[in-house]
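Q: model the structure of this input:
(chains A and B)
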Amino acid sequence: MISVKNLTKKYGKFTAVDDVSFSVEKGEIFAFLGPNGAGKTTTIKMLTTLLRPTEGEIFLNGHNVKKKPRDTRKSFGIVFQDPSLDNELTAYENMQFHAILYGLSSSLYKERIQSLLSLVELWDRKDSFVKTFSGGMKRRLEIARGLLHHPKVLFLDEPTIGLDPQTRNLIWNYIKDLNKKEGVTVFFTTHHMEEVERMAERIAIIDHGKIIASGTPDEIRKQTGAENIEDAFIKLTGNTVRAESSDFSKSTLSGFRKM
Amino acid sequence: MRTIYILWLRQLKRFIRKKASLVGALGQPLIFLVAFGFGLGPVFARAGGVDYIQFLSPGIIGMTVLFTSIFTGVEVIWDKQFGFLKETFVAPVSRFEILLGKVLGGATVAIVQGILVFLITLLVGFRVENLALIPLAFVFLSLIAILFSAVGVTIAARLDDMQGFPLIINFVIQPLFYLSGALFPLEGLPKFLEIITKINPLSYGVDGLRGALTGISHFSSINSLLVLSISLVLVILVGTYQFSKVEI
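A: Coordinates of the predicted model:
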């Protein structure tokens, strides 16, 4: 479903993603792990046509991502790591905007918006402006929106940040169900290793822009001689804490540098 | 079509919900009308000109539309910073459709503002010469709005934050306005100023608007329509190219 060959992204002299290759099978739940700043989000942005690779090839649902961005975009859905809602619109309007961009008929999207907003317990707040929502509510809305058009591949970039265990449980159950019933391929990143233990059929671990391990959870555990994925992850990527950088801080910082 | 419609609708909803900015945007034109219209009016009359309010009003309407349109670019930068542009860019729609939706949305807002200012000019004494030419005035108003919304979006495509925008306002947009014949007649200008005003597309917009509303114009309507349309096509082409290069 996804095939990545020698993917590289350079920003000047800095190499964010360095000669990465991997593939994800149809219907698989694939965890893409790594410390902050390892290159996860940059890779996802290249897979989802937001960034152009410096080198390498990506195929998604049979489409060459570089050459056929539009066909590629029809095939996937994404929940971004950083916020991407319009705060000046209501929850319902955000959903409706998405539905229309993805060409859903109005009868279909009305039904789906209701069931998804109910799922994330926002249906009674559907007409509230997103700016009045708490962080967790916004997160739930983003997830509901990402599920709206039932894509072939679903990218989830740290989808459960800031959610309580109940909501995480609810959302992962829904995603698992979607994966079983509709055969949706799931590609996700997370820092919660128990989510990986529970969901992932295969794992790739990236650090400093390079894939340092990949395989089934069992293989990863055996490879490192660790009891669980968390220990395996620490063994592979070390103990040092990495600098966090979101999109917003990057652009703000570059703004300051220009001044 | 639905894509362009929903993008357009979003711009409009955002506009209607920000009542403060709606009122705020009427402040500047009002000050210009009072300060220039009444302040310079006597000088203008002594120089043998027509009633200055009559001359100035179309220029102020043009100014309002210009600044509101360019502001569409600021909205694009906001969308970039607050992440919403990503949501639009991963959707299976072409960048051209996104550009068009944004431009038409921004232009509609600018047209509404322009009409509001037009109503204000009527209050301070502006008179329309020939009511039959109101539709033509609307065409000019719309062309200015669409053209400069496209300019705003095209500039914003390559800016990642707000830092650069004041620079553009001061060195591109302000000169476009002051050197467009919005405030003074284009007749008898020094050579260099005449050249600048002639390559400035806003000159044709303001002049066309003035011609339709008051009957006084420097260029012919057809000439102005042509210049504006050709400029618009060029800007849309450049904008579409720039938009296709945006990485976020």
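Q: ranges for the helices of the stretch 101-250 of chain A?
A: A:106-119, A:135-147, A:165-182, A:193-199, A:217-224, A:229-237, A:247-258 (DSSP state H, counting those that start in this stretch).
Q: make that chain B, sorry
A: B:2-17, B:19-32, B:39, B:41-46, B:52-81, B:84-89, B:95-123, B:134-157, B:165-168, B:174-178, B:191-199, B:201-214, B:221-244 (DSSP state H).
Q: can you put those helices in CSV and add distance to chain A, mean neighbour count and mean pLDDT?
A: All C-beta atoms are positioned from the backbone trio N, CA, C, and that covers glycine. Converted to CSV, the helices of chain B look like this (distance: least, Cβ to the nearest Cβ, whole Å; neighbours: other Cβ atoms under 10 Å in any protein chain shown; pLDDT from 0 to 100):
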stretch, distance to chain A, mean neighbour count, mean pLDDT
helix B:2-17, 4, 18, 93
helix B:19-32, 11, 14, 83
helix B:39, 37, 11, 87
helix B:41-46, 41, 13, 83
helix B:52-81, 6, 25, 92
helix B:84-89, 4, 22, 93
helix B:95-123, 9, 22, 94
helix B:134-157, 13, 24, 95
helix B:165-168, 11, 14, 82
helix B:174-178, 21, 16, 92
helix B:191-199, 29, 12, 93
helix B:201-214, 29, 27, 96
helix B:221-244, 9, 17, 95
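Q: quick one: which of those helices is nearest A:Asp218?
A: Nearest to A:Asp218 among the helices of chain B is helix B:84-89; the distance by Cβ to Cβ comes to 35.4 Å.
Q: which other helices and strands contact the closest one?
A: On a contact count with 3 or more Cβ pairs under 8 Å, 6 or more residues apart in numbering or on different chains; DSSP states H and E, helix B:84-89 meets helix B:52-81, helix B:95-123.
Q: re earlier: which of the helices of the stretch 101-250 of chain A has the lowest mean pLDDT?
A: Mean pLDDT is lowest for helix A:247-258 out of the helices of the stretch 101-250 of chain A, coming in at a mean of 48.
Q: returning to what we had before: which one of the helices and strands packed on helix B:84-89 lies closest to B:Phe171?
A: Nearest to B:Phe171 among the helices and strands packed on helix B:84-89 is helix B:52-81; the distance by Cβ to Cβ comes to 12.7 Å.
Q: got the angle for the closest one vs helix B:2-17?
A: Inter-element angle recorded for helix B:52-81 and helix B:2-17: 110 degrees (by axes from the mean of the first three to the mean of the last three Cα atoms, to 10 degrees).
Q: quick one: contacts for the residue positioned nearest the centre of chain B?
A: Centroid-nearest residue in chain B, with Cα atoms, centre = their mean: B:Leu66, separated by 2.2 Å. Counting by Cβ atoms under 8 Å, 6 or more residues apart in numbering or on different chains, B:Leu66 touches B:Ile144, B:Phe148, B:Ile173, B:Leu176, B:Phe177, B:Leu202.
Q: would you confirm that B:Val109 contacts B:Leu9?
A: No. B:Val109 lies out of contact with B:Leu9 (Cβ atoms under 8 Å); the separation is 11.8 Å.
Q: burial measure for the closest residue to chain B within the stretch 101-250 of chain A, as a count.
A: Closest to chain B within the stretch 101-250 of chain A is A:Leu101: 3.9 Å, counting by Cβ to the nearest Cβ. Applying other Cβ atoms under 10 Å in any protein chain shown, we find 23 other residues in the vicinity of A:Leu101.
Q: equivalent analysis for A:Ser106, please.
A: 11.
Q: OK, contacts around it?
A: Neighbours of A:Ser106 in contact, by Cβ under 8 Å, 6+ apart: none.
Q: how far away is it from B:Ala91?
A: 17 Å (Cβ to Cβ, to the nearest Å).
Q: all good on my end, thank you.
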